[in-house]
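Novice: build the 3D model from these lines:
(chains A, B, C, D, E and F)
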There are 6 protein chains.
Amino acid sequence: MNILVVSPHHDDEVIGCGGTIAKHHGKGDKVFVVYITAGWSGLPEIKSKEKATKIREREARNACKILGAQRAIFLREDDRNIYNEKGEIIRKLIKIIRDIKPNLIYVPHPKEKDMEHKITYEVTKEAAWLSKSPYLPKLGTPTKSIETIYLYEVWTPMENFFIREDITSVVDVKTKALLAYKSQLEYFNLVDAIIGLSMYRGSMVGTTKKFAEVFQVENP
Amino acid sequence: MNILVVSPHHDDEVIGCGGTIAKHHGKGDKVFVVYITAGWSGLPEIKSKEKATKIREREARNACKILGAQRAIFLREDDRNIYNEKGEIIRKLIKIIRDIKPNLIYVPHPKEKDMEHKITYEVTKEAAWLSKSPYLPKLGTPTKSIETIYLYEVWTPMENFFIREDITSVVDVKTKALLAYKSQLEYFNLVDAIIGLSMYRGSMVGTTKKFAEVFQVENP
Amino acid sequence: MNILVVSPHHDDEVIGCGGTIAKHHGKGDKVFVVYITAGWSGLPEIKSKEKATKIREREARNACKILGAQRAIFLREDDRNIYNEKGEIIRKLIKIIRDIKPNLIYVPHPKEKDMEHKITYEVTKEAAWLSKSPYLPKLGTPTKSIETIYLYEVWTPMENFFIREDITSVVDVKTKALLAYKSQLEYFNLVDAIIGLSMYRGSMVGTTKKFAEVFQVENP
Amino acid sequence: MNILVVSPHHDDEVIGCGGTIAKHHGKGDKVFVVYITAGWSGLPEIKSKEKATKIREREARNACKILGAQRAIFLREDDRNIYNEKGEIIRKLIKIIRDIKPNLIYVPHPKEKDMEHKITYEVTKEAAWLSKSPYLPKLGTPTKSIETIYLYEVWTPMENFFIREDITSVVDVKTKALLAYKSQLEYFNLVDAIIGLSMYRGSMVGTTKKFAEVFQVENP
Amino acid sequence: MNILVVSPHHDDEVIGCGGTIAKHHGKGDKVFVVYITAGWSGLPEIKSKEKATKIREREARNACKILGAQRAIFLREDDRNIYNEKGEIIRKLIKIIRDIKPNLIYVPHPKEKDMEHKITYEVTKEAAWLSKSPYLPKLGTPTKSIETIYLYEVWTPMENFFIREDITSVVDVKTKALLAYKSQLEYFNLVDAIIGLSMYRGSMVGTTKKFAEVFQVENP
Amino acid sequence: MNILVVSPHHDDEVIGCGGTIAKHHGKGDKVFVVYITAGWSGLPEIKSKEKATKIREREARNACKILGAQRAIFLREDDRNIYNEKGEIIRKLIKIIRDIKPNLIYVPHPKEKDMEHKITYEVTKEAAWLSKSPYLPKLGTPTKSIETIYLYEVWTPMENFFIREDITSVVDVKTKALLAYKSQLEYFNLVDAIIGLSMYRGSMVGTTKKFAEVFQVENP
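Specialist: Take a look at the predicted model:
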């Protein structure tokens, strides 16, 4: 199976579905991660946008390697400036989807606080159904590959979910991938926060200590 | 200040706001906890409802002691059978509110999955405004004491909240209070789940490991 | 035309659509008002429920006379105790609807705070469609009379509405009808509050001082 | 696989998922249908409740036979009177679920207009999670059998769905099952309405004439 | 009466309200249809945008003629690229509204899946109230003509509606107008899908085979 | 305390929180008002945008003086054309917030009808959390100053609110500030409408005539 993970920023993919990516890899699935923004804003102490972007992409590639993701794709949309780029991002995503032909797509759910997360959801949904439509053939051959869109949680936990993925066996891989985002750990205690959420999601259903990631599902 | 915590079952009060209760106690506030249901269903291996209820109330009193809550009040509504008891529970709560004159009320938020949590929210809201109204004087003297109703999360994390209460200094007290519910730990890994959620709520905002409980607010 | 106004308590009908009732009367329509609850709780200083109920019904009849409503119908459901009476109230309303054959029904909207308002909406909607269905013939001959259900606002202003009824010409009639609820004016400043809301609803659209009542619409 | 279909009235199961039931049968699954209400109100011209209920149950058994459902279970709750029977219905459903151990449950979605449909959703959800919990052992041995709850549409089409089940191959079986409800066809043109909806759901995605039923999914 | 139908793509106007347009025409009303997008993407096999747009407009004019619509107006916004054109489209629509002075406006409802449908709703609502305001006089003389905005359904059926328009007498006209969109029938089975939906909407209320279109209402 | 009021147009700040501004001033707080749009469209009879903008800003400064606001800040975004300016407005607001370091921010709630009000909410929320984040240091030093975001009502009253601010003592100041918007009074009866709403909000809770403004709260 081919898996496409759409991530607004470099680290959201690990936060929301890092364990699940590792499990996909373990089953022999090919995972592709698309990062929407350039990400330079996450390194405020570095003046040069280019330099900051490079650091984040290096970390992202590293995280992808740890999780076993096949390829990291960088759209490099200007940070905090994608509000008017929906059309362009949709077209880029259609190309990628028609090229990769993913069976599953992972994307942040639409009630996330951050506007860039909301927009990521919006453009991914639009790109998903356009990819299977006959429209816009210049962007590639229509594909019916997508079976399910999985919504993941980052800043805002979901009130409803359909899938609880047990990631106990790979929680240390997820932790390691979080640690790959060194530049972000200067600002956020990602490990404690995210491993905490995984413990809540995993341990609320039995008597042993488990870790889980949860997903809502939508059809493409 | 007087604090009233309304809890559908014996343990929801610790899960949702145990750390905050401990902090109220630390500031000299008086905390009263009302448990709506009898709770016997949580001890499925014990045949006698009375015996099971006693065990749960003993655990509840113990948890209250650990948290520093002043008094545990037991309404003992029959488990999984409160769907037709709204009127009666409202009247009982009005009496309690007019007697205790709480400044703050804590209650589960209305999007919780469990119907008994939803009903607990519904009757508490209704009782709160009726308590300050001139209506039903046989249930006590109207009181304008309530300043804020705080909604807490148990099974369903909230998408929006207004207050993030840092409970790092009392997280071990909360853990101890969770452990007081021995009978429930046979069925659920409460400690890992709930401490995990507290880590997520506390550590998502800085670089150190913190624990927090979050609340939405409503006026009475 | 026949008009049915369903009012949870004695005064909601004037607050929500008193001006509109007066205008219906002016056009020769027959207006019937059904009061769901007995209303004794609104007179907390009177010990006897019967006596209190009588006072409220006298005021209600008086308000109806002022507005030109044809008849006041009292269901006398026990105050703050209708949570388990939905089935019974629905059957009573079906009888009334099939008897009166109203063209229009007015009822509080479902987002009102007070649970008795919410229940009034719920039972009226259910009774409206059952009245036109072939079901329950013992409760009268099915009627297709109802064209529209109008939702009115009391404690909670509506975020969306479809109809803005100009009541400038009858605002003093509405005021007089509010004043008929003497017993309630001991507890609430109904006149200033409600005339204030009418001014907001009426004056937000032009340059002159106008009064209006607003309604959302639903089909039966 | 064992399938449980919860149906408020005798015919909702065919309307919402008749084609899907037939397909389950074709794959060798065992389908059980629970009818919540007695159904006598659907035969308004028959005075005796017992007689009317018998006719509806005969039609239901007939429809089940046509669809290949294994067994029809009748809870016989009094029509338009289940508002206070939630606790009782939940207990009955827990028993049935723990006995049948269904892998899938079908139930109307919660935005259906009819209050009896809403209540059917509510009690089924509550019964589903209680069935797997250790609670209420007198109602049978806890079961983790349920994988998915499917929500079906009857009076209110769903704005979102996850599964589109192609029922083209069994649409005539569904039609025949609808026709089994002779008593209801006196009042509603079920066949044209429901086959129309299936055509819309099936033909909106390609160039051939197809029929489909759609479902939203929830976890138990 | 003057009627304005706002249609995101060439065919949505027939799908959502083709029968109602034919009935308006039958009553002597003048119907104007505005098509927002150029529509070339609907003809993916044709390389030239201009040529594709021409074909779609020819089909649209043909459909309008069949339905009896007076005039087709083409805004020709670039397909899948209108996300940043809201301001411009609003200004164009204000001009059209102030020129035509429609009594009624038809537009897709805001929960439609397709982003171009959502945007069409958004800009039409904004243009409607700005048209009656004194603002932007360079775009024409303010008009109070609009009485009601009707929301129609295309890809997403509505959970609530206010108007059920019986189109049985003109269903063959609607079918013929759908067939006018030959280029689209290569990709979608519009006739079976849409006539199916009309059958559901029309036949759910009686015993005869009827066709209907349904609408939610909003004030301008 | 420093207070920031974000106002889409010149007059929304008085309508939504004029009395509260006056009270802040009375307590010695410093109030800054940011006006998003240029406002020329509100003076449709004046041909020159510059001239119209000047008149509105003069009125705004006057209103600020009456209310005791310290400073009026004008972003002068082109009227009815801000749909594509979100990124730019966010950056301007971040600068202002990091400069002023407000403790409280007032902004219209997100269910307001007018798209410019909705956008004002959206950009203010985004700017608020970005201001405290380490991101975008070129726009100023990050500040943790903001304690609460208050949502105010203009065209659409809120169904839920948390704060009811009694403005009885300053209602004549608010009235005077409304009268400062002479140019707008040519088109709207602001005083009767808004004072009416204040009477409703203030008098619904007691027996005396009071005026109030209500607010929902969010954390930054």
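Novice: from memory residue A:201 sits against residue A:194, does it?
Specialist: No - under the criterion of C-beta atoms under 8 Å, residue A:201 makes no contact with residue A:194, lying 10.5 Å away. No exception for glycine: its C-beta is placed from N, CA and C like everyone else's.
Novice: which positions in chain A make contact with chain E?
Specialist: Taking C-beta under 8 Å from any C-beta of the partner chain as the criterion, chain A approaches chain E at residues A:84, A:86-87, A:90-91, A:122, A:126, A:129-130, A:133-137.
Novice: repeat that with 7 Å
Specialist: When proximity is defined by C-beta under 7 Å from any C-beta of the partner chain, chain A lies next to chain E at A:84, A:86-87, A:90, A:126, A:134-137.
Novice: I'd like the residues you listed as JSON lines, with secondary structure and neighbour count appended.
Specialist: Shown next, in JSON lines, are these (DSSP: H, G, I helix; E, B strand; the rest coil; neighbours: other C-beta atoms under 10 Å in any protein chain shown):
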{"residue": "A:84", "secondary structure": "coil", "neighbour count": "15"}
{"residue": "A:86", "secondary structure": "helix", "neighbour count": "19"}
{"residue": "A:87", "secondary structure": "helix", "neighbour count": "19"}
{"residue": "A:90", "secondary structure": "helix", "neighbour count": "25"}
{"residue": "A:126", "secondary structure": "helix", "neighbour count": "22"}
{"residue": "A:134", "secondary structure": "coil", "neighbour count": "16"}
{"residue": "A:135", "secondary structure": "coil", "neighbour count": "19"}
{"residue": "A:136", "secondary structure": "coil", "neighbour count": "20"}
{"residue": "A:137", "secondary structure": "helix", "neighbour count": "15"}
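Novice: and which of those is nearest residue D:27?
Specialist: Using C-beta to C-beta, residue A:134 is the member of those that sits closest to residue D:27, with 32.5 Å.
Novice: show me the contacts for the closest one.
Specialist: A:142, E:44, E:187 (C-beta atoms under 7 Å, 6 or more residues apart in numbering or on different chains).
Novice: quick one: buried ones out of these?
Specialist: Among the contacts of residue A:134, the ones that count as buried by 16 or more other C-beta atoms under 10 Å in any protein chain shown are A:142, E:44.
Novice: is the residue nearest to residue A:92 when sequence neighbours are not counted in a helix, a strand, or coil?
Specialist: In space, and not counting its chain neighbours, residue A:92 is closest to residue A:75: 5.7 Å by C-beta to C-beta, 6 or more residues apart in numbering or on different chains. Classification of residue A:75 using DSSP: H, G, I helix; E, B strand; the rest coil returns strand.
Novice: is it true that residue A:75 touches residue A:34?
Specialist: Yes - between residue A:75 and residue A:34 there is a contact at 6.4 Å, judged by C-beta atoms under 7 Å.
Novice: more neighbours: which of those two?
Specialist: residue A:34 (25 against 17; other C-beta atoms under 10 Å in any protein chain shown).
Novice: so which strand or helix has that one?
Specialist: Per DSSP states H and E, residue A:34 falls inside strand A:30-37.
Novice: residue A:66 now?
Specialist: Here residue A:66 is assigned to helix A:49-67, by DSSP H and E.
Novice: elements contacting that helix?
Specialist: Identification of packing neighbours for helix A:49-67 by 3 or more C-beta pairs under 7 Å, 6 or more residues apart in numbering or on different chains; DSSP states H and E yields helix A:12-26, strand A:71-77, helix A:171-179, helix A:182-185.
Novice: tell me which of the ones you listed sits nearest to residue D:99.
Specialist: Nearest of the helices and strands packed on helix A:49-67 (C-beta to C-beta): helix A:12-26, 34.9 Å.
Novice: residue A:64 and chain B, how far apart?
Specialist: 23 Å (C-beta to the nearest C-beta, to the nearest Å).
Novice: is that residue in contact with residue A:73, as I believe?
Specialist: No - using C-beta under 7 Å, residue A:64 makes no contact with residue A:73, being 10.0 Å away.
Novice: verify the stated contact: residue A:93 with residue A:122.
Specialist: No - counting by C-beta under 7 Å, residue A:93 does not reach residue A:122; the two are 11.0 Å apart.
Novice: biggest separation within the residues of chain A next to chain E, which pair?
Specialist: Most distant of the residues of chain A next to chain E, by C-beta to C-beta, are A:84 and A:134, 27.5 Å apart.
Novice: where does pLDDT dip in chain A?
Specialist: Under the criterion pLDDT under 70, no range of chain A is flagged.
Novice: who in it is up against chain F?
Specialist: Close to chain F, as judged by C-beta under 7 Å from any C-beta, chain A has residues A:41, A:44, A:80-81, A:83-84, A:115, A:187.
Novice: quick one on the thing from earlier: buried residues in the helix holding residue A:66?
Specialist: A:49, A:52-57, A:59-64, A:66-67.
Novice: also stretch A:203-214?
Specialist: So, applying 16+ other C-beta under 10 Å, buried residues of stretch A:203-214: A:203-204, A:210-214.
Novice: coming back round to it: looking at the contacts of residue A:134, which is nearest residue D:15?
Specialist: residue E:187 (29.9 Å).
Novice: list the contacts for that closest one?
Specialist: Residue E:187 makes contact with A:134, D:207, according to C-beta under 7 Å, 6+ apart.
Novice: any idea which helix or strand carries it?
Specialist: Here residue E:187 is assigned to no helix or strand, by DSSP H and E.
Novice: on that earlier part again, among the residues of chain A next to chain F, which are in helices?
Specialist: residue A:115 (DSSP state H).
Novice: greatest separation within the residues of chain A next to chain F: which pair is it?
Specialist: The widest separation within the residues of chain A next to chain F (C-beta to C-beta) is 27.0 Å, between A:84 and A:187.
Novice: residue A:151 belongs to a helix?
Specialist: No - the assignment for residue A:151, made by three-state DSSP, is strand rather than a helix.
Novice: which among the residues of chain A next to chain F gets closest to residue C:170?
Specialist: The nearest one, if we look at the residues of chain A next to chain F relative to residue C:170 and count by C-beta to C-beta, is residue A:115, at 47.8 Å.
Novice: could you find the closest non-adjacent residue to that closest one?
Specialist: That would be residue F:126: by C-beta to C-beta, 6+ apart, it lies 5.3 Å from residue A:115.
Novice: can I assume that neighbour is in contact with residue A:116?
Specialist: No - the criterion here is C-beta under 7 Å, and residue F:126 misses it with residue A:116 at 9.1 Å.
Novice: any shared contact partners between the two?
Specialist: Joint contacts of residue F:126 and residue A:116 (C-beta under 7 Å, 6+ apart) do not exist.
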